[in-house]
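> 3D model of this:
(chains A and B)
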Amino acid sequence: MATLNAKYRGLDPIPPPFSKEYPPVALIVEEKCIACDRCPPVCFFDALVMESRPGHKYHRTALVISENCTGCGLCFEACPVEAIIWVPDLEKAKPKTRPGESAMKDADV
Amino acid sequence: MTLATSFLGLQLQSPLLIASGPASHDVNQVALAEEQHIGAIVLKTVCSDKYDHMRYWPRPRYKLLDWDKQISGRSKYFTLYSYEQGYSGTLLDYWDFIRACKDHATVPIVGSIFADIADDWKELALKVQESGADAVELDISSPHRPGSLDFETTFVAAIDAVVKALRIPVLVKLGAGPDVIHQCKAAERCGASAVTLCNRIRGFDVDIETQQPILHGYYAGVGGPWAKYYTFRHVAEAAQSIKIPISATGGATSAEDIIKYVLLGASTVQILSVIMVNGWESIAQIHADLAAYMQRKGIHSLEEIRGKALKTMILPEDIVRWSGEPKTGARNVWKPVDDHGHS
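You can find the predicted model right below:
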């Protein structure tokens, strides 16, 4: 079955389960990060930086600045070791629209 | 040898433009683009207040399909599957954004707008002009475009109203499809300065494990290097049907693609996916490869080869043909097959 799913390497195609209640933001699992520098360049929102981490295997790690993260998902595609996960931004509950109370009167067709 | 290109009366240092999207929603990206000697920047599209919901973005909204990051993201044919939305600020923020870009940019800045009724289009376009943009692009074909708006009834009137009201050049961004040449001609008739061909198109994908649509659960914009062949054709058709310049866009990831678009008649080429997946430096790579090609071919300016491939394009009736498979005789004689598969 692995071959069938091969096209979904990277970002999971289904949003995280909490995404209807809280906005998802990316988080680096620092133990997994190999400091390859691939994720900061794909972020168009200045939400990813490299930081020095004395004691880390590679002495450096990627870091998400969660206030800047728009949860776009692109960094997941860049990470070769699945070191990026979704976490809920607990500060910003209540999405802009929910099913049935959409602002989109003139809905997409 | 020079990459300098004249487009809509603007002198561009390169035929490459940043297409509207995530690489042009922030004034600080202007510096990143200019570092790469980009020709001009098309800013992220702002929607009229009626489409306020387009200012709020789903999470996640980008998925790369058939993208092999194991080879460091050098997959040749991938799909950018996305539900990108509009500029996230208010209209006032957008006018400030244009002003800030103009304050810091040395390259031309193109505003991009979306609305529905002609009056709203006109109002937005006038504000873009007033804020100092060098041109405006009417994004009538976004794959994420809200509403059931029709080209004939809505957008022709919009283009007409905007062109009549503005002094700066007006580009009309059209989507790939059977109507595109008809729409190019309509845009030209309305007085548009150029057309942008072609926007990404609406696509869809389903996850077979959860058996549900992927990401946000609705149709998405799809594009990528594979989509360039449709756009090559549309650019070739348009170059032979209209006189206004063409800004090509769609799947261009290398200097080869840029050269092909120019050979088919495009004046400029807008890129974005390649920046998203390979970074801003990919622009420098394209420029270097373009220069090497021009040097090798002894081309001083891309103007010399613009539309050149169209001159050797021929009509179906002029294609050299030979006799086909004979349908009488052997091909019409039934040969029974025995149990061992032999006839």
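
> from here on, contacts and neighbour counts on C-alpha atoms
Noted.

> So the spatially most central residue of chain A: helix, strand or coil?
In chain A, the centroid-proximal residue (CA atoms, centre = their mean) is residue A:26; its distance is 3.1 Å. Three-state call for residue A:26 (DSSP: H, G, I helix; E, B strand; the rest coil): strand.

> The nearest residue to it once chain neighbours are set aside: what secondary structure?
Once flanking residues are discounted, residue A:26 sits nearest to residue A:86: 4.8 Å by CA to CA, 6 or more residues apart in numbering or on different chains. Counting by three-state DSSP, the backbone at residue A:86 sits in strand.

> Over to residue B:256?
For residue B:256, the assignment made with three-state DSSP gives helix.

> tell me the contacts of residue 44?
Looking at chain A here, since you left the chain open. Residue A:44 makes contacts with B:22-23, as judged by CA atoms under 8 Å, 6 or more residues apart in numbering or on different chains.

> To clarify, I was referring to chain B.
So residue B:44 contacts B:20-25, B:86-87, B:111-112 (CA under 8 Å, 6+ apart).

> that older thread, now the residue nearest to residue A:26: how far from residue A:40?
Distance of residue A:86 to residue A:40, computed by CA to CA, to the nearest Å: 17 Å.

> Check residue B:306 too.
37 Å.

> Compile the contacts of residue B:44 into TSV and extend it with columns for neighbour count and secondary structure.
Putting the contacts of residue B:44 into TSV (neighbours: other CA atoms under 10 Å in any protein chain shown; DSSP: H, G, I helix; E, B strand; the rest coil) gives the following:
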residue	neighbour count	secondary structure
B:20	23	coil
B:21	20	coil
B:22	23	coil
B:23	28	coil
B:24	22	coil
B:25	24	coil
B:86	27	coil
B:87	26	coil
B:111	31	strand
B:112	30	strand
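
> any idea of the mean pLDDT in whichever strand or helix holds residue B:261?
If you go by DSSP states H and E, residue B:261 is part of helix B:255-263. What helix B:255-263 shows for mean pLDDT is 97.

> what ranges do the helices span in chain B?
Taking DSSP state H to define them, one finds helices in chain B at B:28-35, B:91-104, B:118-130, B:156-165, B:180-189, B:228-241, B:255-263, B:273-278, B:281-297, B:308-311.

> and those helices, which one is worst for confidence?
helix B:273-278 (a mean of 90).

> Residues contacting it, please?
Helix B:273-278 is contacted from outside by A:42, B:23, B:73, B:80, B:224, B:251-253, B:281-283, using CA under 8 Å, 6+ apart.

> Let's see that with 7 Å instead.
Contacts to helix B:273-278, defined as CA atoms under 7 Å, 6 or more residues apart in numbering or on different chains, come from residues A:42, B:73, B:224, B:253, B:282.

> Buried subset of those residues, written for ChimeraX?
With 16 or more other CA atoms under 10 Å in any protein chain shown as the criterion, this ChimeraX line picks the buried residues out of the contacts of helix B:273-278:
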select /A:42 /B:73,224,253,282
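
> how about TSV for the contacts of helix B:273-278, with distance to residue B:261 added?
Below are these laid out as TSV (distance: CA to CA, whole Å):
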residue	distance to residue B:261
A:42	26
B:73	24
B:224	15
B:253	12
B:282	18
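
> If we only consider the contacts of helix B:273-278, which is nearest to residue A:55?
For the contacts of helix B:273-278, the closest approach to residue A:55 (CA to CA) belongs to residue A:42, at 26.5 Å.

> wait, isn't that closest one in contact with residue B:279?
Yes. Counting by CA atoms under 7 Å, residue A:42 touches residue B:279, with 6.4 Å between them.

> Which strand runs longest in chain B?
Ranked by number of residues, the top strand in chain B under DSSP state E is strand B:40-47.

> Partner strands of it and their direction?
Strand B:40-47 sits in its sheet next to strand B:16-18 (parallel), strand B:109-114 (parallel), going by DSSP bridges.

> can I get those strands in a markdown table with distance to residue B:7 and mean pLDDT?
Shown next, in a markdown table, are those (distance: least, CA to CA, whole Å; pLDDT from 0 to 100):
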| stretch | distance to residue B:7 | mean pLDDT |
| --- | --- | --- |
| strand B:16-18 | 11 | 98 |
| strand B:109-114 | 12 | 98 |
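
> Could you save these as JSON lines and add columns showing distance to residue A:74?
Formatted as JSON lines, the strands paired with strand B:40-47 follow (distance: least, CA to CA, whole Å):
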{"stretch": "strand B:16-18", "distance to residue A:74": "19"}
{"stretch": "strand B:109-114", "distance to residue A:74": "23"}
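
> quick one: pLDDT of residue B:70?
pLDDT, residue B:70: 60.

> thinking again about what came up before, from the contacts of helix B:273-278, pick the one nearest residue B:40.
When the contacts of helix B:273-278 are compared for distance to residue B:40 (CA to CA), residue B:282 wins out at 15.8 Å.
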